[in-house]
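**Q** Model the following, please.
(chains A and B)
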Amino acid sequence: MSQTSHFCTFYLDKLLFGVELKGVQEVIRSLDMTRVPLAPAVVSGLINLRGQIVTAVDLRRRLELEPRPAGLLAMNVVVRSEDGAVSLLVDEIGDVVEVEEDTFEPPPETLRGSVRTLILGVHKLKDRLMHVLDIEKACQMTDVAESAAAGR
Amino acid sequence: MSDSDIVQDFLAESYENLDRLDRELVGLEKNPHDSNALASVFRTIHTIKGTCGFLGFNKLEKVAHVGESLLTRLRDGQFTLNPELTTALLGMVDAVRQMLKEIQSTGQDGEVDYPELRETLTRLQQIGASAVKSAELPAHRKVLSSVPKKRSKAAKLGAAKLEPAAAAISSPPPELATKELPTEPVPARAEEPVISRPEDVLEAQHTLESRSRDKAAETIRVGVNVLDKLMTLVGELVLARNQLLQISNTVEDTSLQAVSQRMNLIATELQEEVMKTRLQPIGNIWSQFPRTVRDVALGCGKEVKIEMEGKETELDKTIIEAIKDPLTHLVRNSVDHGIELPEVRMKAGKERSGRLILRAFHEGGQVNIEISDDGAGLNVDRIRQKAVERGMVTAEHAALMTEREIFKMVFFPGFSTAEKVTKVSGRGVGMDVVKTNVERIGGSVDVQSIAGSGTTVRVKIPLTLAIIPALVVTCGGDRYAIPQVSLLELVRIEADEVATGIELVHGAPVYRLRGRLLPLVYLSRELKLAEDAKATADKDDAVNIVVLQADERQFGLIVDQINDTEEIVVKPLRKQLKLVKTFAGSSIMGDGKVALILDVLGLAQRASVVGETRARTLMEKTAEAAAAAAEKQTFLLFAGPGDSRMAIPLSTLARLEEFPVAQVEMSGNRWVIQYRGQILPLIRLQVVLEERRNKLRSPEIPPAPDSPPIQVLVMNHEGRTFGLVVERILDIVEDRADVKSAATRASVLYSVVIGGRVTELLDIPAILRGADVSAMPPGLAARSAGVAN
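**A** Got it, this is the predicted structure:
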């Protein structure tokens, strides 16, 4: 029997993403956010997570998707990164799914750009594909900071 | 427990032991017959050696072994400690420390096993032994070596019970405890048949037990991360408590209110206690200074005695770490530069050995650390000359500078007056680094010196970095905190004065602050919060300027709104945001929202108020300092009754307030006002200054409802807070105020020329006395200080 693992899934612009469940600290509703001027655009702001200040990353921007439509409140998927907790802002939370190793495939060669470094691959679920997100890379800001600054 | 855990524990314990060794060896040098200290030194080295053997660090074991052999001879009284031996032993301590570091980084025994050092130590064993043999053999030495045999029975008896206690100190093997015991009482009563007295053994046992309780049983080692976590949790608890209090106030339930009140008290107390866990006595870093001083003094042929006062003064752990290097540098400097050679001192009629005094004490929510020496003092002319030579100031400016300003020059980069470059200091790096490091943690450095009799360097630092006072401002709808240390003053330009008040120098906005141009920075523009168009359109509103100090430069920061000052808990920013230099950290405000803390220096650099390097502004700075000349004081100018011009030193002022007359209430026949949850007594200058007979005739009446708002200077004096009602606030000026004449009426200290005009300087204590509180008991007097009858 091949190895199985659990993924916490969520939606971004109707796409299904998943992060490994063991990397997820908690999932919470939208919280009051303090914006950080001059920060990279992918940083939505800072939230107060029970006394701990956590950076919130707008995953839509990070993955170069369309901006979140106004009025749609983001959910926080708080993940543990090397540098402490980071909140990933997503559109909607999905189920926790159990997948087997053999449904995994690396991303197709046609997937280009910076997004390629963030997506480890996909799991082929019954009815759709689940994008597997690299938590560490998604939380890293150094490379995007420069490109964001250059873009301004 | 895994192997690496054991190694980590071994390392942590050994570092502590080595620090103690440094202290004890230096102490022993002065008092070589302190058998207690000697036994402790021996024990420490023995423990390290033993553990090394156990963990398989053979090279380290070898080095420790030769040290131990030498110490055995010392302990057995075969010869006494002299500077040469001390140096060799300290060398061994350093070697061991070095090797431990290697173990820490590589997890393995180091490459080097210090053959020369071991050779020296072995050689010293022989030389030392022969040297003492030829010298007179102290009688008690013989006794010492013979006593253990005679005593062995009694000693063993004691040792059996002592073992657990001794093990707790630093786990020496059992035979050590046996050996150590006789060393204490024996030299003193060597002639007596001490052995047969069981109370001695009991006494020694008691000492040992109590010592072990002090050191081991009542402290435990806790990781800093655990304390940090506790701190965070307490912060959370406080926020939750605040919410609970709010809810309980809206619900009519007395039992809930009682519980939430108790919760409130407990949470507050808990917060204080947890804060305390992060505090450490400054003695922790001072303890290594005797060693430092000894090494430096020996290196340059000086004799220095070090004294310490206030070792127990407590500071936050992070601060302790941050000031360790600057302090070490200052101490070295004092020994190397400050204190003269013994011959020079004798010639000057001083004691042969110099004194270095370290003092630490709390003052006004800050910790002061003073490093004083009784050396030659700073040479003003020499510094002046050096400054001119280095091109830091022109000769004309230098001639104008006061002594105090000259002393400040030693903190400028690349400045050193040491006649020759020594190993320790004189390379011109150091003092500026000291200053930068101290300022980085929100402290300040000041130097005072009297030629011929010594120098004192005073370092002032905040108690903690975790909680700082800050000014909270609003900009673009968000709140930002500005650390109070950078804050100089607040200026408000009313809407109708904005157009004329803010001028442009080729597009760069400036404001004339007391005759000098203050560069202005719009926070919203710097943070790209608002479109430039909007910022300029705001010209119709009043403008709030926060005058800030960044690296000796002043600039005005324009914000939308000034909220209040608050004590905030600083939380560092995550790595992702470290790139944003404008923010120093973040904090959670009372309502649970996050606010960013502005990094004033970073902001100033972004706005190009200060250059990246300090050196660039150096010329301007010194020029400014020279132009300012003499010691200036800052005064608050205001109009008193009858439009008379009056002033108080700005330092006596807490705040300036404006109250509508409707807020003034009468308490008896006195004016009071509700202010920040207190009743603030108001003293009307008009009434105080009136002739006494007039006063008696005119009882106080409430202000007419249609009169304009009153201007109040809120002041603190000897624990009393009161408001002084004045006619109009004029300005804040800096002046030397050295032309004085005697006062012409009561409540005035003297008349003085400020800003070219005669001004009356108020005598605050006299005003309080004049408010006639004699009929009141002292307790009440404080509250009714503002009363005139």
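**Q** which residues of chain A fall in strands?
**A** A:4-12, A:15-20, A:24-28, A:33-34, A:43-49, A:52-58, A:75-81, A:84-90, A:92-100, A:104-105, A:119-124, A:129-133 (DSSP state E).
**Q** quick check: angle from the first one to strand A:24-28?
**A** Yep, that's strand A:4-12 we're talking about. With axes from the mean of the first three to the mean of the last three C-alpha atoms, to 10 degrees applied, the angle from strand A:4-12 to strand A:24-28 works out at 40 degrees.
**Q** Show me chain B divided up by domain.
**A** B:3-217, B:224-277, B:281-462, B:467-626, B:633-783 (automatic domain parsing).
**Q** Turn the ones you listed into TSV, including mean pLDDT.
**A** Formatted as TSV, the domains of chain B follow (pLDDT from 0 to 100):
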stretch	mean pLDDT
domain B:3-217	64
domain B:224-277	81
domain B:281-462	81
domain B:467-626	78
domain B:633-783	74
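**Q** Output the ones you listed as JSON lines; include the columns mean neighbour count and distance to chain A.
**A** To be clear about C-beta, it is placed using only N, CA and C from the backbone, and glycine gets the same treatment. Shown next, in JSON lines, are the domains of chain B (neighbours: other C-beta atoms under 10 Å in any protein chain shown; distance: least, C-beta to the nearest C-beta, whole Å):
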{"stretch": "domain B:3-217", "mean neighbour count": "17", "distance to chain A": "21"}
{"stretch": "domain B:224-277", "mean neighbour count": "14", "distance to chain A": "3"}
{"stretch": "domain B:281-462", "mean neighbour count": "18", "distance to chain A": "17"}
{"stretch": "domain B:467-626", "mean neighbour count": "17", "distance to chain A": "4"}
{"stretch": "domain B:633-783", "mean neighbour count": "16", "distance to chain A": "26"}
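**Q** which stretch among these comes nearest residue A:8?
**A** Across the domains of chain B, residue A:8 has its closest neighbour in domain B:467-626 (21.3 Å, C-beta to C-beta).
**Q** what about the closest one, distance to the chain center?
**A** The chain centroid and the centroid of domain B:467-626 are separated by 26 Å under C-alpha atoms, centre = their mean, to the nearest Å.
**Q** Touching stretch A:20-28 from outside, list them.
**A** A:5-8, A:49, A:75-80, A:85, A:93, A:96, A:132, A:135 (C-beta atoms under 8 Å, 6 or more residues apart in numbering or on different chains).
**Q** at 10 Å instead, please
**A** Stretch A:20-28 has contacts (C-beta atoms under 10 Å, 6 or more residues apart in numbering or on different chains) with A:5-10, A:47, A:49-50, A:54, A:75-81, A:85-88, A:90, A:93, A:96-98, A:120, A:132-136.
**Q** Only the buried subset of these, as a ChimeraX command please.
**A** The ChimeraX selection below is limited to those of the contacts of stretch A:20-28 classed as buried (16 or more other C-beta atoms under 10 Å in any protein chain shown):
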select /A:5,7,8,9,10,47,49,54,75,76,77,78,79,81,85,86,87,88,90,93,97,120,132,133,135
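**Q** ok, and which of the contacts of stretch A:20-28 reach chain B?
**A** Among the contacts of stretch A:20-28, the residues lying close to chain B (C-beta under 10 Å from any C-beta of the partner chain) are A:47, A:49, A:50, A:54, A:81, A:85, A:86.
**Q** Enumerate every residue touching the first one.
**A** Remark: with contacts taken as C-beta under 10 Å, 6+ apart, residue A:47 is in contact with A:28, A:30-34, A:53-56, A:76, A:78, A:87, A:89, B:593-594.
**Q** From these, pick the one nearest residue B:480.
**A** residue A:34 (9.7 Å).
**Q** No further questions, thank you.
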